[in-house]
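Asks: 3D, please:
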Amino acid sequence: MIAAILGAVSLTVGCALFLFLAHGLWLTWQPHRRKHCARRLAMPINLSVLKRKDFNDGLFTLTLAHPNGRMLPGYRPGQYLTLLIEADGNRSSLKRCYSLASWQPNPACYELAIRQVSGGRVSTWLHRNMQSGSNIRVLPPRGEFTLHESSGDVALIAGGIGITPIRAMLHALLADNDLKQGRIVLFYAARYFDDLLYHKEFIAAARQHANFRYLPILSKPGPDWQGQCGRLDAQTVLHRLNDFSQTDFYLCAGSSMMDAISAGLQESGIITGRIHFERFNPGEFNADDTTYRITLEGYEAFEFKGAPTLLHGLEQAKIAVESDCRAGHCGVCRVKVLSGNVRWLLPKEAALAEDEILSCCVTPQSDLSLVRP
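Replies: Below you'll find the model as predicted:
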């Protein structure tokens, strides 16, 4: 009896010691795992353009694949791809992030939808140069604007080119054989009919899936348009839903539209935890024509005039500033302000020190003296 008890005690102590050592090894390994993941996400991938499709003068899609046909890194629906552009004699790559416009569990290709922005350096270069067979370097997919587990309805809300991550989410929701959502409703706002990317695809999906509904709305419809007209707002969205208190909302649009809808949803009692959004810079910022002198420590001062954001101005002056999302999320493009004033164009969503700004979200309101953090 005593031997049995001693054996049981020894086994328990041994198991506890093993678990203690295993936990210690796991904790020791975690920093190395994080470093490995960070290195992997920072390692460029060489891809080629498999196909290009133009929808109108400035709206086009690119299908990217590995030149040797290899499978590509997987991603969550809603994430984006960072393109590394070496244009106009730049010594360092320009970075631009574009949401992945489709989703598949084991991707053999990536699809991007891009709108050429007037005065946009990279979007113009892509529109001019990216054709079938062209090569481009990208960083692996990343981003936090992704689907959350939910047992209620899902409202997908897109404005213009903001349809790209929303479409990827829709692909994943409709592909889920164990779909828990009661209903999926896609609200898609655009100015003109030609701006409704994937319109026929969404109509076909609504016919195929009983729990999916597609509601396009145009603010500048043509005479043949028989759908809904006007501006998309929170009340229009809520009117089309049943029990919206249990609905998750995913928004991707220009700042003014998205802020108005988000505020309207909250005023109607939707908790902030159910409102998920992705900001993007559609090139809508209008800087004035005043010239300001910008000095970043370590670089020659330059004149800023009329660029959409401070980050654009720095890049035009051939000053390499690290940037990723370009929409206020990641905080990579932050700089410290030693003197001067700026105007915020987008809300700051990254944690900042009191004297820090995000160069992608501001435009100068005076001469600026800046330093890297």
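Asks: Find the residue ranges of the stretch 101-250 of the chain scoring beneath the pLDDT cut-off.
Replies: 177-181 (pLDDT under 70).
Asks: try 90
Replies: Filtered on pLDDT under 90, the stretch 101-250 of the chain yields the residue ranges 116-124, 142-144, 148-153, 175-183, 240-246.
Asks: Helix or strand: which one has residue 47?
Replies: Using DSSP states H and E, residue 47 sits within strand 45-54.
Asks: just checking, what packs against that strand?
Replies: strand 59-65, strand 135-142 (3 or more C-beta pairs under 8 Å, 6 or more residues apart in numbering; DSSP states H and E). For glycine as for every other residue, the C-beta is placed from the backbone atoms N, C-alpha and C.
Asks: Comparing those, which comes out most buried?
Replies: Each of the helices and strands packed on strand 45-54 was scored by mean neighbour count; the highest is strand 59-65, a mean of 20, by mean count of other C-beta atoms under 10 Å.
Asks: Quick one: mean pLDDT for the next helix or strand after that one?
Replies: Downstream of strand 59-65, the next assigned helix or strand under DSSP H and E is strand 80-85. Strand 80-85 shows a mean pLDDT of 89.
Asks: Dump the helices and strands packed on strand 45-54 to TSV, plus distance to residue 82.
Replies: Output for those, formatted as TSV (distance: least, C-beta to C-beta, whole Å):
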stretch	distance to residue 82
strand 59-65	12
strand 135-142	4
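Asks: Residue 311 touches residue 320, doesn't it?
Replies: No. Counting by C-beta atoms under 8 Å, residue 311 sits too far from residue 320 to count as a contact (11.2 Å).
Asks: Please identify which of the two sits among more neighbours.
Replies: residue 311 (22 against 13; other C-beta atoms under 10 Å).
Asks: where does the more buried one fall, helix, sheet strand or coil?
Replies: Here residue 311 is recorded as helix under DSSP: H, G, I helix; E, B strand; the rest coil.
Asks: The one 3 residues further on now?
Replies: On the three-state scheme (three-state DSSP), residue 314 is labelled helix.
Asks: Near the residue nearest to residue 190 when sequence neighbours are not counted, how many other residues are there?
Replies: Excluding its sequence neighbours, the residue lying closest to residue 190 (C-beta to C-beta, 6 or more residues apart in numbering) is residue 196, at 5.1 Å. Counted by other C-beta under 10 Å, the residues lying close to residue 196 total 20.
Asks: Equivalent analysis for the one 10 residues further on, please.
Replies: Residue 206 has 17 neighbours, counted by other C-beta under 10 Å.
Asks: Correct me if wrong: it contacts residue 215.
Replies: No. If you go by C-beta under 8 Å, residue 206 and residue 215 don't touch, sitting 9.3 Å apart.
Asks: From residue 61, how far off is the residue nearest to residue 190?
Replies: 14 Å (C-beta to C-beta, to the nearest Å).
Asks: do the same with residue 102
Replies: 10 Å.
Asks: Please identify every residue contacting each of those two.
Replies: residue 111 (C-beta atoms under 8 Å, 6 or more residues apart in numbering).
Asks: Enumerate every residue touching residue 58.
Replies: With C-beta under 8 Å, 6+ apart, residue 58 has these contacts: 115-117, 127.
Asks: Show me which of the residues you listed are buried.
Replies: Neighbour-count burial (16 or more other C-beta atoms under 10 Å) is assigned, among the contacts of residue 58, to 115-117, 127.
Asks: can you map out the helices along the protein?
Replies: Per DSSP state H, the chain carries helices over the ranges 2-41, 121-129, 163-175, 199-208, 234-239, 255-267, 310-316.
Asks: can I have stretch 61-70 written out in CSV, keeping just the CAs?
Replies: This file holds the C-alpha atoms of stretch 61-70, laid out as CSV (Å, rounded to 0.1, in the frame of the first residue of the first chain):
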residue,chain,number,x,y,z
THR,A,61,-7.9,44.5,-61.3
LEU,A,62,-4.7,42.6,-61.1
THR,A,63,-4.3,38.8,-60.6
LEU,A,64,-0.9,38.0,-59.2
ALA,A,65,0.7,34.6,-59.0
HIS,A,66,4.1,33.0,-58.4
PRO,A,67,6.1,32.8,-61.6
ASN,A,68,6.7,29.1,-61.0
GLY,A,69,3.1,28.3,-60.1
ARG,A,70,3.8,27.8,-56.4
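Asks: Just the residues contacting that stretch, thanks.
Replies: Contact with stretch 61-70 is made by 45-53, 55, 72, 81, 101, 108-114, 126, 130, 135-136, 138, 197, as judged by C-beta under 8 Å, 6+ apart.
Asks: In stretch 197-212, which residues are buried?
Replies: Neighbour-count burial for stretch 197-212, counted by 16+ other C-beta under 10 Å, picks out 197-199, 202, 205-206, 212.
Asks: Mind picking the one among these that's closest to residue 187?
Replies: Nearest to residue 187 out of the buried residues of stretch 197-212 is residue 202 (C-beta to C-beta; 10.9 Å).
Asks: Tell me the pLDDT of residue 43.
Replies: pLDDT, residue 43: 85.
Asks: Residue 112 versus that one, what's the distance?
Replies: 20 Å.
Asks: And these two? Which one has more around it.
Replies: More crowded of residue 43 and residue 112, by other C-beta under 10 Å: residue 112, with 22 against 9.
Asks: Thanks again, I'm all set now.
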